[in-house]
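Peer 1: Sequence plus predicted model, see below.
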Amino acid sequence: MADRNDSAPDLRILGDQITLQPSGFVPPPEGARVEGREEALMKNMARFRSEPLQFLREVSLYVSGTGWRAYDDVIGQPIFYPGFSEHIKTQIMSATLLQTKISQLADMRLAVEEKEGLLNNDDKDFHTKRAQRRAVLIQSLQDVAEHLTDNMICKFESKTFIRGAYYMVTQLLLRAYHQGIHVSSEEVLRLRNVAEEAARKKQSIIFLPCHRSHVDYVSLQLLCYRLGLALPTIVAGDNLNFPVVGSFLQHAGAMFIRRSFGDDQLYTSLVQAYIDALLQGGYNLACFIEGGRSRTGKLLPPKFGILSFVLDSLLSGRVEDAIICPVSTQYDKVVETEGYVTELLGMPKKKENLADFLSGGSNVLSLRLGRVDVRFHEPWSLRGYINEQIARLSRVPTAININWKDTKNAVVRQKLLRTLGYKVLADINDVSVVMPTALIGTVLLTLRGRGVGRTELIRRVEWLTARVRAKGGRVAHFGNAPLSDVVERGLEVLGKDLVGVVDGLAEPTYYAVDRFQLSFYRNMTIHLFISEALVAAALYTRVKRGGGPSIQDIPYQDLHDQVLFLSSLFRGEFIYSGEGLAVNLERTLAGLEADNIIHIEHDEERNITKVGLSDAERAAGRENYDFYCFLIWPFIEASWLGAVSCMGLSPPLGQTEDIWVQVSKAQDSAQLLGKTLYHQGDLSYFEAVNKETLKNSFTRFEEEGIIQTIKSKDKNIPPRMRLAPEWRPARDEVTGNLLASGRLWDFTEKIASSRREGKNRRDGATVSTRVVALTDALGQKLFEDAVSPGTGSKKEKKAPPTLTGDEARSLSKLVKEQKRRRTLENRAHL
């Protein structure tokens, strides 16, 4: 499964001994007991029922803190001592930045009270009373800040606690992931060297992992503990700060912050002061670059909240430097995927609570989820990266005049933040390991037909493994175990709820039972092949026509334009190479030609004129070309669905007043439309109704000005949206029916040109009439709901259907800002 020469050996840790193990299987000495071929970072510990004496011995070693378990000689700044929390709290509360903000807020409140007549300027004791009132306000703000700080900060107080926590959590984790946690020895040794250098300079290591499961932060902390690195403070949402569990997490390294800060200036300054204190003290930090957990299996666009605080610490000069370490965590099976599916199909996310946490934990103990692979990208200096980017930006001409060296400029900061976020995502993709379950899931969802025989499944997994390596990806180590054994192991981990088998045939035949959930594992490989998938989808605009090769060949300019359109459409979905479309397209076409999937025609000057499928690929039944199409088609379907649903946001005939509908209800309506079209045969992929992918489509349409959204200053009023006037399709002046024409319909058809052709979708006119009528009917319900009297949920007020004067002015300003941003970004647009 893994070439011995393609990556470093795994690391084996048993007891106090750390040894390197080659990636390939090394036969044991003669007579030695063979326990298995895999070398994990952690192996299952003794259990009381089966080995009571060994179990008690292990517990005693942790309690007494014997050897590495003592967690005494760690690389990094001192943590886990009584008074640590008070030390950090003092650093935060005494920060100049925080105290300045408290003074400003007190003065702002005084100005309001003076204006309202609560403080009388004519009073002879005015200055004394004002000073007294100011002191009261400042003390009140100080008390609030202290309370917020106590709820926020992590509390590394007790080594006894962390020893016990490590033992308990390892027991739980290794019962679920029974084949342990695997790491690369090369990466771990490099990380330790970097950590030693950072400790000498009193610099923090900022771990930036991807986020697919709650196990992510558990595995990171376990690794740092076992490898003798100072545990990072992990940024966590305050939704996890519920009784008992919240306190445990806080003492194990969690810092709790709100999901949204709103206009709370005190809280924002408090978080900034905390980040400053950690980075100034050289304490390690970890935050998830994607914000929340990915419910789709692939990386989400970066969230810039905590990164913006980190960047401000450096750009302001309050912190000299910090070390960035992107981290990839991959799973044979993610324990939460079943819950993700229900959320993505429209069920509201349940709030975390202790009862669910405990009951969920007991279920996890009985699972056999395979293993976890954690990979660390080579760490790099954040200061060095900032300086490099500023120098690069200063050399590139832009549409507007900007001094890129002015790091106080909001435009400069935003540009640095975006490039930083996407670099981290690219680094995570670079070191990610493809697991057997991802290979199997990808193969099963990229084949035509109901199922696949065992022999063919193994052949396609072998082909996919070779393609992953050819693209520079990594495949998990399995020694020199036969591929058939690795596939069998992957099928066992996925289980019969995801992959079914038909016995009693000439050979075992496998099929996808739950395509929606299995798509989570397919999406773990798509980043490697996104360029090929975009080219395949662009070429499909001609291939779907049928006929001979000459009819299916596509002029290069048409191919280029469709690839540009699709790559712009999915800018928020996928992470592209930063080399630009021309370089990426040329390299991708050359690779597909070398693989004998396409043929390319050139003119006398060696310019590409036409591209088409090769004769060899046609003879092979288009299996490799189809693979790339199958990867991207569900996402094309989702974008098409989003665009079609926007058609229904065209106001009814005769309606003169602009009606704004609630964003969440418009997205729910799009999902309902998708489910209906799927069951009626107009949508090929049920994954297209995925709530996250639809949200991404709406976000992308908003960036392009197709839809406009407004957020109220009242946080209880949900965001509202409308279809931009210039994108609204026309209606029949007699019937009022929506017409399948206009700018938005042309845009929808451009997406549709790369959709998978379905047997019952041949008659485009019939489909357009039926689909447009359905989206129009759902749109009318949205308008009726928006204007009808009624109240929202307990948390939300009903969104008003029209804008106030302030909101209208805010919208006008926002539209101008978006146009300016599109010009500034200087990127391809839809």
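Peer 2: Great, that's in hand.
Peer 1: where does this protein dip in pLDDT?
Peer 2: 1-68, 348-366, 397-400, 479, 758-767, 790-796, 823-829 (pLDDT under 70).
Peer 1: what's the longest strand in it?
Peer 2: Counting residues, the longest strand found in the chain (DSSP state E) is strand 323-331.
Peer 1: Would you mark the buried spots in the helix or strand following that strand?
Peer 2: Once strand 323-331 ends, the next helix or strand along the chain (criterion: DSSP states H and E) is helix 337-344. Within helix 337-344, the residues that count as buried by 16 or more other C-beta atoms under 10 Å are Thr337, Tyr340, Val341, Glu343, Leu344. Every C-beta, even on glycine, is put in place using the N, C-alpha and C of the backbone.
Peer 1: cool, stretch 323-330 as well?
Peer 2: Ile323, Ile324, Cys325, Pro326, Val327, Ser328, Thr329, Gln330.
Peer 1: JSON lines for the residues you listed, including distance to Arg722?
Peer 2: Shown next, in JSON lines, are the buried residues of stretch 323-330 (distance: C-beta to C-beta, whole Å):
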{"residue": "Ile323", "distance to Arg722": "46"}
{"residue": "Ile324", "distance to Arg722": "40"}
{"residue": "Cys325", "distance to Arg722": "44"}
{"residue": "Pro326", "distance to Arg722": "39"}
{"residue": "Val327", "distance to Arg722": "41"}
{"residue": "Ser328", "distance to Arg722": "40"}
{"residue": "Thr329", "distance to Arg722": "40"}
{"residue": "Gln330", "distance to Arg722": "41"}
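Peer 1: between those residues, which is closest to Glu702?
Peer 2: Pro326 (28.5 Å; C-beta to C-beta).
Peer 1: Show me the protein divided up by domain.
Peer 2: The chain breaks down by automatic domain parsing into domains covering 41-282+292-431, 434-526, 529-621, 631-825.
Peer 1: Closest to the centroid, which residue in the chain?
Peer 2: Leu300 (2.5 Å; C-alpha atoms, centre = their mean).
Peer 1: Just say helix, strand or coil for that residue.
Peer 2: Of the three states, Leu300 takes coil according to DSSP: H, G, I helix; E, B strand; the rest coil.
Peer 1: Make sure it is actually in contact with Gly291.
Peer 2: Yes. Proximity of Leu300 to Gly291 meets the contact threshold set by C-beta atoms under 8 Å, at 7.2 Å.
Peer 1: Please, where are all the helices along the stretch 701-830 of the chain?
Peer 2: Under the criterion DSSP state H, counting those that start in this stretch, helices of the stretch 701-830 of the chain are mapped to 743-752, 764-787, 805-825.
Peer 1: Buried residues of the last one, list them for me.
Peer 2: So that's helix 805-825. Under 16+ other C-beta under 10 Å, the buried positions of helix 805-825 are Glu807, Ser810, Leu811.
Peer 1: tell me the contacts of the last one?
Peer 2: Meaning Leu811. Neighbour list for Leu811: Gln708, Ile710, Leu803 [criterion: C-beta atoms under 8 Å, 6 or more residues apart in numbering].
Peer 1: how does it look with 10 Å?
Peer 2: Residues in contact with Leu811 (C-beta atoms under 10 Å, 6 or more residues apart in numbering) are Asp658, Trp660, Gln708, Thr709, Ile710, Arg722, Leu803.
Peer 1: Quick check: the two most widely separated of those?
Peer 2: Asp658 and Thr709 (13.3 Å).
Peer 1: higher neighbour count, the two?
Peer 2: Comparing Asp658 with Thr709 by other C-beta atoms under 10 Å, the one with more neighbours is Thr709, at 17 against 14.
Peer 1: burial measure for the residue lying closest to the more buried one once chain neighbours are set aside, as a count.
Peer 2: Take Thr709 and drop its neighbours on the chain: the residue closest to it by C-beta to C-beta, 6 or more residues apart in numbering is Met721, 4.5 Å away. Neighbour count for Met721, taken as other C-beta under 10 Å: 24.
Peer 1: Check Tyr521 too.
Peer 2: The burial count for Tyr521: 28, using other C-beta under 10 Å.
Peer 1: Same question for the one 5 residues further on.
Peer 2: Here the number of neighbours of Ile526 (other C-beta under 10 Å) works out to 23.
Peer 1: circling back to that earlier point, let me know the closest of the contacts of Leu811 to Gly253.
Peer 2: Within these, the smallest distance to Gly253 is 36.7 Å, found for Thr709 (C-beta to C-beta).
Peer 1: can you tell me which residues contact the closest one?
Peer 2: When contacts are counted by C-beta under 10 Å, 6+ apart, Thr709 touches 660, 663, 666, 698-699, 701-702, 719-722, 811, 814.
Peer 1: Contacts only, for Gly117.
Peer 2: Not one residue lies near Gly117 by C-beta under 10 Å, 6+ apart.
Peer 1: For it, pull up the helix or strand it's in.
Peer 2: Going by DSSP H and E, Gly117 is not in any helix or strand.
Peer 1: Excluding residues flanking it in the chain, which one is nearest Thr233?
Peer 2: Using C-beta to C-beta, 6+ apart, the closest residue to Thr233 is Cys154 (4.7 Å).
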